[in-house]
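Trainee: Quick one: sequence and predicted model below, then my questions.
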There are 2 protein chains.
Amino acid sequence: MKALSKRRAGVTIYQVAQRAGVSIATVSRTMRDSDLVTPETRARVLAAVEELGFTPSRLGRSLAEGQHAANGIVFPDLIGPYYAEVVLGYEEVAADLGRSVLILATHGRRDAAAQVLELANRVDGMVVMGRTVGDEVVERIAASGPPLVLVARDPISTVDTIRTDNERSARELAEHLLAHGHRRFAFVGDPDDSPDVAGRYAGFAAGLRAGGVPVPAPVRCSFDIEAGRAAAEALLRRRSRPQAVVCANDEVALGVHTAATEAGLTVPDDLAVTGWDDVMAARFAGLTTVRQPMRELGATAAHWLHDRITERGSDRSRPPSAVRSQVLPTQLTVRRSCGTHRTGPPPREVQT
Amino acid sequence: MKALSKRRAGVTIYQVAQRAGVSIATVSRTMRDSDLVTPETRARVLAAVEELGFTPSRLGRSLAEGQHAANGIVFPDLIGPYYAEVVLGYEEVAADLGRSVLILATHGRRDAAAQVLELANRVDGMVVMGRTVGDEVVERIAASGPPLVLVARDPISTVDTIRTDNERSARELAEHLLAHGHRRFAFVGDPDDSPDVAGRYAGFAAGLRAGGVPVPAPVRCSFDIEAGRAAAEALLRRRSRPQAVVCANDEVALGVHTAATEAGLTVPDDLAVTGWDDVMAARFAGLTTVRQPMRELGATAAHWLHDRITERGSDRSRPPSAVRSQVLPTQLTVRRSCGTHRTGPPPREVQT
DNA sequence: ATGAAAGCGCTAACAT
DNA sequence: ATGTTAGCGCTTTCAT
């Protein structure tokens, strides 16, 4: 069979060189804006480039340079605004720094590790977010792959990590709920599911403990409205119904809210509900929640990665700079759903 | 200066070959699972691969194969669930087909064209969505670049296009509002901004015209809550306030809703409001809107692209298959915000 | 200022 | 079944 299985090549540097009557080195120099080319030669080359419609092959260039000029980012999915915002912040900065962006959504697939490793092979640096792959994978890449930045997951030695604060705001939230007079609590969400949820539960528990109130075991559920609703339906059937339900994120809280309303309960009078993330719907549902700087998370990661890539490119005898770790602050946003305030006018979009 | 600007190479196929005492061809065959290698040789090679921690270079492989094994997608941003869902649907299918995904958010940057062209250089096929770059760019890539699929933008000859229906549902929406008794309308959104909005305005206008009601000029605004709110504030100050406001998307509608409430008006009694997209907040705000199959949009694009890439890879003497074009159906979702129904019980999540 | 040539790491046709 | 070798398209010494 004569089928050409290989993609037909475009215009190459050789054709341009021939057309301009110069060597490929000169064409290359012209394309890279080297000043070792006389204006006349340059003009001749440019003319040939124009006539032929030449665009340097990224593959050829990358192979020769040993650089992809691309960054990767690994996240679980794009459902809900959280990851989308992080990715957006990341992409924007990376693009400004002249780097293309490869994405990988793991969707909880079991072959995620292989895909992440494959991605590591296509980029000069990458971000790995929580809930995607285990530390073994991260450690392997850290050891022999491109520079890494961890986002929203527990740090491991030698790898830069950037997170948002969970414990502090969760504790603040618990204290706020206690101040409302609530004494029977529930936590909906799975601390084993992600470091973020673990931190939120820990802060929540610390707050209750400090208030001398018993800490409930978490009601485990996944990150969506339906899961929250199902969890709440079970919760509301208990003999001793909780007065306040703290949820792992806004979707879950919105599900709990829906279930409560459907059960004939009024939020917050019969049941207080809180979320996390401050998604758009939270505002319209009057949900008390915690806002976190999602875009900044992505943007910072992109900058840090760029630093690592740049330092690795330079003198390799110099030791790499110190491992960085940062926790960005979050902001409790109080709306109606956490309970009626006992004094003063009803709060509107108060932020502490 | 002695700085090694070139990235230190990893383990190469040559080192593995030497270690295993075979030629690089045999190593290559082993890695590609060719059956032209005896089990013993294969084992020896695999051992060497293991000991050395060899991973084939994607760059070397791609250059030799003339294939990136990657797809691209260009969209304006990831604000709001619309593009995020499309991207997610696209990524999921592309990953299943063994292709990495490169994203490019144009953010309305003026150098978007250059970035899109650069992206075209890194992929075997790409999706271009509306509101990103002009047809000149698309046409240029169609002529000399990788296969293309257009999503949510007007078709151009020779390029596959996939859209969701705007006119039909918009007209249905207008008819529904007329049935509520509304007679003075406003449309908030910019038809010049995207083909989608143009289609929605056209359907809306057609519906009003058929009902013998004057068609208002669009109140132009961008795609966010604040813009909608600002537009509504101006609108509500007019001497003859509209009875119903049809918005280009849910964010705008939510902004209009907010402005109306702040102005002391009740939705829908004093003002009916409708959106488009059915974002999560729409449900909690009781917003009448139109749902579109966002993920399917992305998934279909990924499949079509795969077809094109595959057919191009095979016998090039065979002409390419016909240009495809498809319009996915949308679904009017009626909630409270469009007006009180004159007969029967209040509608709840009715879908027509 | 320009050219010749040696890679970069791999695949695949061809030879044995 | 395995090896040899010629690319793939570019960058970058090293000469001139």
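Mentor: That came through fine.
Trainee: Output the contacting helices and strands for the host helix or strand of residue A:163.
Mentor: Following DSSP states H and E, one finds residue A:163 within strand A:160-164. The contact analysis (3 or more C-beta pairs under 8 Å, 6 or more residues apart in numbering or on different chains; DSSP states H and E) places strand A:160-164 against strand A:148-151, helix A:195-210, helix A:294-313, strand A:325-328. In this view, the C-beta of every residue, glycine as well, is placed from N, C-alpha and C.
Trainee: Nearest to DNA strand D, out of the ones you listed?
Mentor: Of all those, helix A:294-313 sits nearest to DNA strand D, with 10.7 Å by C-beta to the nearest atom of the strand.
Trainee: can you tell if that closest one touches chain B?
Mentor: Yes - interface with chain B: helix A:294-313 contributes A:312, A:313 (C-beta under 8 Å from any C-beta of the partner chain).
Trainee: on that earlier part again, among the helices and strands packed on strand A:160-164, which is the most enclosed?
Mentor: strand A:148-151 (a mean of 24; mean count of other C-beta atoms under 10 Å in any protein chain shown).
Trainee: for that strand, packing partners?
Mentor: strand A:125-129, helix A:135-144, strand A:160-164, helix A:294-313.
Trainee: Paired strands for that strand, with orientation please.
Mentor: In the sheet, strand A:148-151 lines up against strand A:125-129 (parallel), strand A:160-164 (parallel) (DSSP bridges).
Trainee: May I see these organised as CSV, with distance to residue B:203, mean pLDDT and mean neighbour count added?
Mentor: CSV is the format used below for these (distance: least, C-beta to C-beta, whole Å; pLDDT from 0 to 100; neighbours: other C-beta atoms under 10 Å in any protein chain shown):
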stretch, distance to residue B:203, mean pLDDT, mean neighbour count
strand A:125-129, 40, 98, 27
strand A:160-164, 43, 98, 22
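Trainee: nearest to DNA strand D, of those?
Mentor: If we rank the strands paired with strand A:148-151 by C-beta to the nearest atom of the strand, the stretch that ends up nearest is strand A:125-129, at 18.7 Å.
Trainee: Setting the sequence-adjacent residues aside, check what's closest to the residue in the stretch 201-350 of chain A that chain B sits nearest to.
Mentor: Across the stretch 201-350 of chain A, the shortest distance to chain B (C-beta to the nearest C-beta) belongs to residue A:281, at 3.8 Å. Closest residue to residue A:281 apart from its sequence neighbours, by C-beta to C-beta, 6 or more residues apart in numbering or on different chains: residue B:281 at 3.8 Å.
Trainee: Quick check: phi and psi on the one you found?
Mentor: Phi and psi for residue B:281, reported as degrees, to the nearest 10, are phi -60, psi -30.
Trainee: can I assume it is in contact with residue B:254?
Mentor: Yes - assessed by C-beta atoms under 8 Å, residue B:281 is found in contact with residue B:254 at 6.0 Å.
Trainee: on that earlier part again, export the strand holding residue A:163 as PDB, just CAs?
Mentor: The C-alpha atoms that make up strand A:160-164 are tabulated as PDB, following Å, rounded to 0.1, in the frame of the first residue of the first chain:
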ATOM      1  CA  ASP A 160       6.600  24.100  46.200                       C
ATOM      2  CA  THR A 161       3.000  24.100  47.600                       C
ATOM      3  CA  ILE A 162       0.300  26.700  47.600                       C
ATOM      4  CA  ARG A 163      -3.000  26.400  49.500                       C
ATOM      5  CA  THR A 164      -5.800  28.400  50.900                       C
END
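Trainee: Kindly spell out which helices and strands sit in contact with the helix or strand just after that strand.
Mentor: Using DSSP H and E, the helix or strand that follows strand A:160-164 towards the C-terminus is helix A:167-179. If you count contacts as 3+ C-beta pairs under 8 Å, 6+ apart, helix A:167-179 packs onto helix A:195-210, strand A:244-247, strand A:272-274, strand A:289-291, strand A:331-334.
Trainee: mind listing what's buried in helix A:167-179?
Mentor: Buried positions in helix A:167-179, judged by neighbour count with 16 or more other C-beta atoms under 10 Å in any protein chain shown: A:167, A:168, A:169, A:170, A:171, A:172, A:173, A:174, A:175, A:176, A:177, A:178.
Trainee: Run through the residues of chain A sitting next to DNA strand D.
Mentor: Within chain A, the positions near DNA strand D by C-beta under 7 Å from any atom of the strand are A:9-10, A:12-14, A:24-25, A:28-29, A:31-32, A:54-57, A:59-61, A:63-65.
Trainee: about what we covered before: nearest to DNA strand C, out of the helices and strands packed on strand A:148-151?
Mentor: Closest to DNA strand C of the helices and strands packed on strand A:148-151 is helix A:135-144 (C-beta to the nearest atom of the strand; 13.3 Å).
Trainee: for stretch A:37-57, the distance to its chain's centre please.
Mentor: Computed by C-alpha atoms, centre = their mean, to the nearest Å, the separation of stretch A:37-57 from the middle of its chain amounts to 42 Å.
Trainee: which residues make contact with it from outside it?
Mentor: A:10-13, A:15-16, A:19-22, A:26-27, A:29-31, B:117, B:121, B:144 (C-beta atoms under 8 Å, 6 or more residues apart in numbering or on different chains).
Trainee: 10 Å instead?
Mentor: Contact partners of stretch A:37-57, identified using C-beta atoms under 10 Å, 6 or more residues apart in numbering or on different chains, comprise A:9-13, A:15-22, A:25-35, A:63, B:63, B:66, B:117-118, B:120-122, B:140, B:143-145.
Trainee: Got a quick PyMOL command for the buried subset of these?
Mentor: Selection command for PyMOL covering only the buried members of these, criterion 16+ other C-beta under 10 Å:
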select buried, (chain A and resi 11+12+13+15+16+17+19+20+22+26+27+28+29+30+31+63) or (chain B and resi 63+66+118+120+121+122+140+145)
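Trainee: from the contacts of stretch A:37-57, which ones fall inside helices?
Mentor: Among the contacts of stretch A:37-57, the members found in helices (DSSP state H) are A:13, A:15-20, A:25-31, A:63, B:63, B:117-118, B:120, B:140, B:143-144.
Trainee: separation between residue A:210 and residue A:174?
Mentor: Residue A:210 sits 8 Å away from residue A:174, going by C-beta to C-beta, to the nearest Å.
Trainee: and if you look at residue A:29?
Mentor: Using C-beta to C-beta, one gets 65 Å for the distance from residue A:29 to residue A:174.
Trainee: Check which helix or strand whichever residue of the stretch 151-300 of chain A sits closest to DNA strand C maps to.
Mentor: Closest residue of the stretch 151-300 of chain A to DNA strand C, C-beta to the nearest atom of the strand: residue A:158 (23.7 Å). For residue A:158, there is no host helix or strand (DSSP H and E).
Trainee: Give me the number of neighbouring residues for whichever residue of the stretch 101-250 of chain A sits closest to DNA strand D.
Mentor: The stretch 101-250 of chain A approaches DNA strand D most closely through residue A:124 (14.5 Å), counting by C-beta to the nearest atom of the strand. Neighbours of residue A:124 under the rule other C-beta atoms under 10 Å in any protein chain shown: 23.
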